[in-house]
Every structure is written in C-alpha cells, then in structure tokens.
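Novice: sharing a model that was predicted from the sequence below.
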2 protein chains.
Amino acid sequence: MKTALAIDIGGTNTTVALVNNNAEVLVKETLRTSEYPDFNDFVEMIYKISNNLNTENYKISGIGIGAPNGNFEKGTIEFAPNLVWEGIVEIAKAFKEKFKLDVVVHNDANAAAIGEKLFGNAKDFSDFVMITLGTGLGTGIYVNNKLVTGKYGFAGELGHVIVEKNGRLCNCGRKGCLETYSSVTGLKKTAIELIKSDNYDSKIRNGNIKNMSGKDIEICASQGDELALDTFELTGKYLGEALANLSAILDPEAYILFGGLANAKELILKPTVYHFEKNLLEIYKNKTKIIKSDLPNNDAALLGAAAGIFDYLNKK
Amino acid sequence: MKTALAIDIGGTNTTVALVNNNAEVLVKETLRTSEYPDFNDFVEMIYKISNNLNTENYKISGIGIGAPNGNFEKGTIEFAPNLVWEGIVEIAKAFKEKFKLDVVVHNDANAAAIGEKLFGNAKDFSDFVMITLGTGLGTGIYVNNKLVTGKYGFAGELGHVIVEKNGRLCNCGRKGCLETYSSVTGLKKTAIELIKSDNYDSKIRNGNIKNMSGKDIEICASQGDELALDTFELTGKYLGEALANLSAILDPEAYILFGGLANAKELILKPTVYHFEKNLLEIYKNKTKIIKSDLPNNDAALLGAAAGIFDYLNKK
C-alpha cells in the first residue's frame, strides 16, 4: 500500500490529506487559503500540518496537488483569478524543495479525471472525458489511456469553447462560452432568463431570485415545476450539443459528469443524452456513454490530487 | 532502407506504389477504382500490379492503405459514399490473406497526419492537427506523439463539427458542419452567396458560376478581386474560429493545412490566423502555429499510406 500527501487548493479553503492507493482518505485537515497571502507561509503551514497529520508515520511516496489553473507541464499555478497569489506560482518547485519528494500539479478537472481513471468508473476506459459541472465547466481528457495536457499544459478547457456567437458574457471576457450555459452558474442564468420571459407560473418566481441556488432549481424541477424543468432542458441541450461536437473530434467511449450540476442526476443526464444523440453524426450514434461519476463528492478532489501523483509514480 | 506497398484509394482512381522510408516514391501505377465493383477482383488486380511494379525485387515490409472512411481499429472501409463497394469492406483482412504481409488502413486525413509526422513539417511536434482542405475537411490528430483514433476508430472528423446552427446543408444530412464553409466546396458556396448578394462588381459574376472552381476564385483573389477576397476571408473566419475552439480542447503546438484550399497559401492562411488569434482564450494566444504542409501534392496520399505501415512496424 502506498500513501500520498494530497493537497486540494481552492479559493476559500485548502484541504491537506493522507490518501492511500486504495482510494482511502486516512486523515485530513483544512486551512483557509486566503490567510496565507505570502506563498512561503502557505508551504510552511502545509508542512507543519502534514507532519501533525502523520501520527501513524506512513511513508509518503509523493505529493499530489489539485489547483485551479494548475499546469502539469510546468508545475505551476498560473493567473488563477480566485486565489490569493497573483501571476505564476512555482508550486511544484516550492513543495519539492521543502518536502524532498516528487510533486505533481494538475488543475481540478484533470485531477478529477485521473481520480476517475484510477479509482472510479473510468478504470476500463482508454478514451473518456471527465466533465466537472460546478461554478464553471472543466474537462479532463483521456486519449489512448493517457491524460491529454497539450503542448503547453492547458488542454481540456471545454468550458471555454464558444457555443453561441455573441452569447452570454463569460468571466474570461469573451462571449458565448459553454460554461456560461452548462454549469451551476449557467443554470441560474437560464432560470433568470426564463423568469423574465413571463411565460411560466412557477414557484421560483416567488422566491428571492438573486439568492436562488442550483439546488433550489433542482428541487423545483424534481417537483415538476415547468420553469425549472425547462431550465435543465436548455442546460442539457447546450451540453449535449457540445459533446456531440466533441465526439466528432475524439470519438471517446464515455463522458463522465461530476460536480454540483451532475448531482441532479436524471434531471441533467436526460436532456444531455437526448440532445447529444440527436446531434451526432451517424457513425457515432448509440454507443458513447454519458454517465455520472460515483466518486464521493466530499473527497473527490483529494482522491484526484492523490491519483495525480500515484499515476506519475506508476509511470516513472 | 525499408520499402512499403502504398495504396491510395479514391472514388475515381486508386494509385499503387512502392515507397521507401526515406519518403521516396520508387514506382507507381494508377487504376480506375470503379472498374472493380467486385472487391476480390480489386485485390487480385493490385496483387498483379504490385508484382509488375517490383522489377527491382525490393523486399516489401508491409502494406499501407489510405482510403475514405478507412477505420484503423477495425481494418475496414465503412460506408464510403464515393466508393463502388457498399457497406463494410474488410480490406485489411483481404490484403493480409493475399499478400501474407502486415496491413494497416487509415482514412485519408489520418494517413496525411502520419505522413506529416514521419516525413513532413510535424517531425518535432508531439501534439498537432493535420487539416486537409479539399472537397471536404478532414483532420488527423496527434496527441502525446500518437495518432488519435478514438475508442471506435472514428476520431478526427472536425469537418462535421457544427459551427452554424441551422447553417448550410451538409452531405452528412445535418446542417452547419464546418466543412460546408471551410473546404473547396464551402469556398464555392460562399462565392455564390456573395454573388447573389449583389454588392460586388466582380469578375466572377461574369463567368460561368456553376463551373467555377476553387482555383478560379483563388486567381481572382490574387488579382485583388474583392468578392473573391471576401470569400477567402469568410472561409478563413469559420476555420479560425473552429481552430480556436479546438485549441481550448487540445492545446496543440501546430495546425498544418493541406490540400486544394491550402495551396492558396496566404489567401487562406491570413484570415484563418487572424480569426484564430482573435477568438482564442488568453492563455492560448500567440504560440500555436498555423502553417502549410510542404508534402508534395501529387504524392502526399501515397506517402501518408506508406507512413501508416512504417509507423505501425516501428512500434510493433
């Protein structure tokens, strides 16, 4: 049994854990990322925490890090808008020097894909795409049993494929990106648009629209609310169409959905599969799976981070 | 020095050649594909021709085949609309039995990509996309130094990514596929649309529009004809936008253009590069090359077919 130090870095919290290669999170602890504006302090604190966590004296094989805008090729975090550190952070180098261990960095979605490949539903898939549907839409792509990082380490940004010319404004500054439609954020925007259209007698109309969550829309939809159901339909339509286009490029065996929106299960899966199949070129029809990840929501990011370093060590 | 039997199968003609791994076409002969509606007769004729061609008694290492709808994974040609044989043709099996040699089948665009990787501008690229711009638009994709065939052998159909909802009718039966805009066929369609728009005083208006070729439009554009220039602009716009989306998925080092439309050089490269860069997400800007293939037009398909079997034998 091998043990890795897994670090899941988010804008708000960072979780540090010991994870074994049987997909078990042994111990974990969380700190507030924003309290460490000096990156060196952050490294020191993780070092201290990991020593405190390791009461059983496990031999740590390496360090796996999952972070927004994490770049595997360069071992950096680059221009992550939600993190306290600006510009390019040489995170792999810093942890390597401090811990004297191998360090691998992946962005969240790639870490999730590796987690799915090592520990989840993708064990037997050589070619699949992991799709994380949260605030944004991230993708981790496997081709020929290997993660696709691209020449410069930034492959897998399906969320920023433009699906609607002059469409919704995206955080990236461009218009019509897929993630402005097919994500929790996109779901909420669609609901608000439908509320404004005045065509529905919906429960959602009566609530506090500004504070409405994706979960609120999901609950209404599961109770048969038409506006909420149409919101999911449109969200799945954009996703299904985008995946049909992606199949014409990669012809994968499966798409695996993960994250807040994926937890709505059939509410999002059904319209996605319908519009996917409807838009496929004939040769691709009726064979590609679209399924939900079964990784535990709470620990998936840690498992992904750990999988990143296990995968690296396996191939070393 | 190794020698392969290369077979380039087209709707009209099939060319058979001996090609060495120094990218030299040693001898070649052409037959009319449609004269062999019985596939067994076709195999027999190729066998006869290859024996006649091999006067120098080269030892043949294997057979590389490039064919429309060629499926590498299955060794088949499947439902190729322009070929005389219907349904699924077990071509690799048939040639293997007749010649007692290893046989590899690729579709045209994948063969071109392998040719570019072994013999052309892509020698040093681990991640690139070959784009053939002829009657249609085909793509061969390399990721991590390997051709992407997908789970079911049909990866690389960028020409059938839908770029315009309810757009031009495609031969595949769907609407708005990229190849209805960015291909020689697309170029002609755009020119005809612009002629109908009545906004131009163009040479092209005076000719026989129905018989107008891509080359005619190219010549007019190179002479400064505004309608022809705008035709290339729009053709490159669709291509550049589609490649910007593809970069968000694969982050490749280069796109290599090949075929009739690529021969127009700067006329197509300039608008393509402009709209590509304009539509890229920030992290991808100013690094990905869009270049023209330097493989010889006449022999590129044969070189690609030969490269397919050399590549296979190298990895065996």
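Specialist: Sure, I can see it. Numbering: from 1, shown residues only, chains lettered A, B, ... in the order given.
Novice: which stretches of the stretch 151-300 of chain A form strands?
Specialist: A:254-258, A:289-292 (DSSP state E, counting those that start in this stretch).
Novice: reformat these as CSV; add distance to A:Ile195, mean pLDDT and mean neighbour count.
Specialist: Quick note: C-beta positions are derived from backbone N, CA and C, even for glycine. Formatted as CSV, the strands of the stretch 151-300 of chain A follow (distance: least, CB to CB, whole Å; pLDDT from 0 to 100; neighbours: other CB atoms under 10 Å in any protein chain shown):
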stretch, distance to A:Ile195, mean pLDDT, mean neighbour count
strand A:254-258, 26, 97, 24
strand A:289-292, 28, 97, 16
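Novice: what's the closest of these to B:Asp124?
Specialist: Counting by CB to CB, B:Asp124 lies closest to strand A:254-258 out of these; the figure is 32.6 Å.
Novice: which parts of the lengthiest helix in chain A are buried?
Specialist: As assigned by DSSP state H, the longest helix anywhere in chain A is helix A:226-250. Judged by neighbour count (16 or more other CB atoms under 10 Å in any protein chain shown), helix A:226-250 contains these buried residues: A:226-250.
Novice: and what of stretch A:160-176?
Specialist: A:160-163, A:167-168, A:170, A:172, A:174, A:176.
Novice: got the end-to-end distance for it?
Specialist: 8 Å (CA to CA, to the nearest Å).
Novice: is that stretch up against chain B anywhere?
Specialist: Yes - with CB under 8 Å from any CB of the partner chain as the criterion, chain B is reached by stretch A:160-176 at A:160-162, A:172-174.
Novice: which non-adjacent residue is nearest A:Tyr152?
Specialist: B:Asp251 (5.5 Å; CB to CB, 6 or more residues apart in numbering or on different chains).
Novice: isn't that neighbour right next to A:Gly153, touching?
Specialist: Yes - with contact defined as CB atoms under 8 Å, B:Asp251 counts as touching A:Gly153 (7.2 Å).
Novice: looking at those two, which is more packed in?
Specialist: When neighbours are counted by other CB atoms under 10 Å in any protein chain shown, B:Asp251 and A:Gly153 differ, and B:Asp251 comes out ahead with 25 against 21.
Novice: could you count how many residues lie near A:Ala122?
Specialist: 24.
Novice: give me the distance between it and chain B.
Specialist: 12 Å (CB to the nearest CB, to the nearest Å).
Novice: phi, psi for that residue please.
Specialist: phi -100, psi 10 (degrees, to the nearest 10).
Novice: quick one: A:Ala112 and A:Leu302 touch, right?
Specialist: No - in this structure A:Ala112 lies outside contact range of A:Leu302 using CB under 8 Å: 10.8 Å.
Novice: the more surrounded of those two?
Specialist: A:Ala112 (31 against 26).
Novice: quick check: closest non-adjacent residue to A:Lys189.
Specialist: Distance criterion CB to CB, 6+ apart; nearest residue to A:Lys189, sequence neighbours excluded, is A:Arg168 at 6.3 Å.
Novice: which residues touch the one you found?
Specialist: Residues counted as contacts of A:Arg168 (CB atoms under 8 Å, 6 or more residues apart in numbering or on different chains) are A:175-177, A:180-181, A:186, A:189.
Novice: so who does the closest residue to chain B within the stretch 1-150 of chain A touch?
Specialist: For the stretch 1-150 of chain A, the residue closest to chain B is A:Gly150, as judged by CB to the nearest CB, at 2.6 Å. Going by CB under 8 Å, 6+ apart, A:Gly150 touches A:156, B:127, B:250-252.
Novice: about what we covered before: so which of the contacts of A:Arg168 wins on neighbours?
Specialist: A:Cys177 leads the contacts of A:Arg168 on contacts (other CB under 10 Å) with 30 neighbours.
Novice: identify the bridge partners of that one.
Specialist: A:Ile162 (DSSP bridges).
Novice: measure it to A:Ile217 for me?
Specialist: Applying CB to CB, to the nearest Å, the value for A:Cys177 to A:Ile217 is 20 Å.
Novice: what of A:Asn286?
Specialist: 30 Å.
Novice: got the phi and psi for A:Thr139?
Specialist: phi -140, psi 140.
Novice: pretty sure it contacts A:Leu158?
Specialist: Yes - counting by CB under 8 Å, A:Thr139 does reach A:Leu158; the two are 4.0 Å apart.
Novice: mutual contacts of those two, please.
Specialist: Common neighbours of A:Thr139 and A:Leu158 (CB under 8 Å, 6+ apart) are A:129, A:131, B:249.
Novice: list the contacts of the closest residue to the last one other than its chain neighbours.
Specialist: It refers to B:Ile249. The shortest distance from B:Ile249 to any residue other than its chain neighbours is 6.0 Å, reached at A:Leu158 (CB to CB, 6+ apart). Neighbouring residues of A:Leu158 by CB under 8 Å, 6+ apart: A:129, A:131, A:137-139, A:178, A:242, A:246, B:248-249.
Novice: so how far is B:Ala80 from the nearest residue in space to A:Asn71 that is not next to it in sequence?
Specialist: Excluding the flanking residues, the one nearest A:Asn71 by CB to CB, 6+ apart is A:Gly153, at 4.1 Å. For A:Gly153, the distance to B:Ala80 (CB to CB) stands at 38 Å.
Novice: circling back: of the strands of the stretch 151-300 of chain A, which is nearest chain B?
Specialist: Short answer: strand A:254-258, nearest of the strands of the stretch 151-300 of chain A by CB to the nearest CB, at 8.4 Å.
Novice: tell me the strands beside the closest one, with direction?
Specialist: strand A:128-133 (parallel), strand A:289-292 (parallel).
Novice: contacts for stretch A:75-86, please.
Specialist: A:9-11, A:33-34, A:36-37, A:39, A:42, A:67-71, A:87-93, A:103-105, A:171, B:283.
Novice: show me the residues you listed that map onto strands.
Specialist: A:9, A:70-71, A:88-89, A:103-105 (DSSP state E).
Novice: contact residues of the stretch 1-150 of chain A facing chain B?
Specialist: A:78-79, A:125-127, A:139, A:141, A:143-144, A:146, A:148-150.
Novice: and the furthest pair within these?
Specialist: A:Phe79 and A:Ser126 (32.6 Å).
Novice: lowest-confidence helix or strand of chain A?
Specialist: For chain A, using mean pLDDT, DSSP states H and E, the weakest element among its helices and strands is helix A:203-206, scoring a mean of 76.
Novice: understood, closing this out.
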